[in-house]
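Participant: here is a sequence together with a model predicted from it:
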Amino acid sequence: MSRRRKRTPEHGASERWLVSYADFMTLLFALFVVLFASAQQDKRSVRKVSEAVKNGFQELGAFSASRPLIPNEKAIPSVSDTSELQAKLNHALGKEIAQKSVLLRSTPDGFVISLHELGFFDSGQATLLPGASETIKRIAGVLMQYGLDMRVEGHSDNIPIHNATFSSNWDLSVARSTAVAMMLLKDSGFDPRRMSIAGYAEFHPAATNDTPEGRRANRRVDLIIVAKNPNTASFSPAKK
C-alpha cells in the first residue's frame, strides 16, 4: 500500500489579502499627507491675504493698533497717573471747586472735569454765562500743556424740557456740549483734531434723579480726558 505524503498548507495564498491591505494603508497615508500639506499651504495663503488687507487699511488710516500721529505733531510720552494734571487744575480752579460748580474725578473712561449747570448756564439754556468763559479758559490753559484727546459730553436731568429753543433734553445736552467745545476751540485754541462732542440727555446720570440735589448734579457738561489705557488715564506734558 503506497503512502501518500501529506501536503503542507500554502500560507501564501491565504494571507495574500495582507498585500492589498498594506497597499491601501499606504495610499491612505499618502492621501492624508497631501491633505495636510494643502491645509498648511492654505493657512499660509490666508495669513498672507489677511496681512495684506490689514496693511492696506492701516495705510488708508481706517484702523491701527494706536492712534496715528497727527501731521506735524510730536510723539508724547505718558506717565502712570493723573496726579500732576489734577494738582494743576486744583490750583487753577480752586474757587469753582469750592463752590461745587466744577468737580474733578477719575473714571474707567478717563479723567473727568465736570462743569455743573450752576455757574455755567441758566436753567433750560445753552448760552454760557459771562463768568463761565473765564473759567473755561483757565481749564484750557492747563489742558493745552498736555497732548490730550478730549470728549465734551452734555448731560441733563430727567425732567422733560420743551421751550422755544429746545424740544427735548437731547437738544439741550448737545447744544451745551457744543457751546463749551466752541469756547475751547475758538477762544482757547484747543486742537480740533483732538476733540469730539456728544450729548446724552438724561441717560448717563451721575447721581439719582429722585432728589433736587441729584438732578442738579446731572445737569452738567463733562470734559473727558480720554484714557489711553482702559483702566487708567495716562498722559504727560507735551514736549516744547
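Facilitator: Now that the structure is in, tell me what you want to look at. Numbers count the residues shown, from 1 in each chain.
Participant: where in the chain is pLDDT low?
Facilitator: Low-confidence segments of the chain, defined by pLDDT under 70: 1-15, 38-81, 227-240.
Participant: tell me where it has strands.
Facilitator: 102-107, 110-116, 150-155, 195-199, 220-226 (DSSP state E).
Participant: in a markdown table: those strands, plus distance to residue 35 and mean neighbour count.
Facilitator: Placement of C-beta: from N, CA and C, glycine included. Converted to a markdown table, the strands of the chain look like this (distance: least, C-beta to C-beta, whole Å; neighbours: other C-beta atoms under 10 Å):
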| stretch | distance to residue 35 | mean neighbour count |
| --- | --- | --- |
| strand 102-107 | 53 | 16 |
| strand 110-116 | 51 | 22 |
| strand 150-155 | 52 | 24 |
| strand 195-199 | 51 | 17 |
| strand 220-226 | 49 | 23 |
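Participant: any chance of these in TSV, with distance to residue 129 too?
Facilitator: Below are those laid out as TSV (distance: least, C-beta to C-beta, whole Å):
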stretch	distance to residue 129
strand 102-107	14
strand 110-116	11
strand 150-155	16
strand 195-199	20
strand 220-226	13
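Participant: stretch 209-224: end-to-end distance?
Facilitator: Using C-alpha to C-alpha, to the nearest Å, the end-to-end distance of stretch 209-224 comes out at 22 Å.
Participant: list of residues touching that stretch?
Facilitator: With C-beta atoms under 8 Å, 6 or more residues apart in numbering as the test, stretch 209-224 has contacts from 107, 109-118, 120-121, 139, 143, 150-159, 176-177, 180, 202, 205-208.
Participant: could you do stretch 95-105 as well?
Facilitator: Counting by C-beta under 8 Å, 6+ apart, 86, 89-90, 93, 111-116, 118-120, 135 sit against stretch 95-105.
Participant: of all the strands of the chain, which one is nearest residue 37?
Facilitator: The closest of these to residue 37 is strand 220-226. By C-beta to C-beta, the value is 48.4 Å.
Participant: how about stretch 140-155 as PDB, C-alpha atoms only?
Facilitator: Provided in PDB are the C-alpha atoms of stretch 140-155 (Å, rounded to 0.1, in the frame of the first residue of the first chain):
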ATOM      1  CA  ALA A 140      -7.900 125.100  28.600                       C
ATOM      2  CA  GLY A 141      -4.700 126.800  29.800                       C
ATOM      3  CA  VAL A 142      -3.900 123.700  31.900                       C
ATOM      4  CA  LEU A 143      -5.100 121.100  29.300                       C
ATOM      5  CA  MET A 144      -3.100 122.600  26.500                       C
ATOM      6  CA  GLN A 145       0.100 121.800  28.300                       C
ATOM      7  CA  TYR A 146      -0.600 118.200  27.500                       C
ATOM      8  CA  GLY A 147      -1.100 116.100  24.400                       C
ATOM      9  CA  LEU A 148      -4.700 115.100  25.200                       C
ATOM     10  CA  ASP A 149      -7.700 113.600  23.300                       C
ATOM     11  CA  MET A 150     -10.900 115.000  24.800                       C
ATOM     12  CA  ARG A 151     -14.600 114.300  24.500                       C
ATOM     13  CA  VAL A 152     -17.100 117.000  25.500                       C
ATOM     14  CA  GLU A 153     -20.300 115.500  26.800                       C
ATOM     15  CA  GLY A 154     -23.600 117.200  27.500                       C
ATOM     16  CA  HIS A 155     -26.000 115.800  30.200                       C
END
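Participant: one step back: quick one: closest of the strands of the chain to residue 126.
Facilitator: Once these are compared by C-beta to C-beta, strand 150-155 is nearest, at 8.4 Å.
Participant: between the closest one and strand 110-116, how many degrees?
Facilitator: Computed by axes from the mean of the first three to the mean of the last three C-alpha atoms, to 10 degrees, the angle separating strand 150-155 from strand 110-116 equals 40 degrees.
Participant: can you list the strands that strand 150-155 pairs with?
Facilitator: strand 195-199 (parallel), strand 220-226 (antiparallel) (DSSP bridges).
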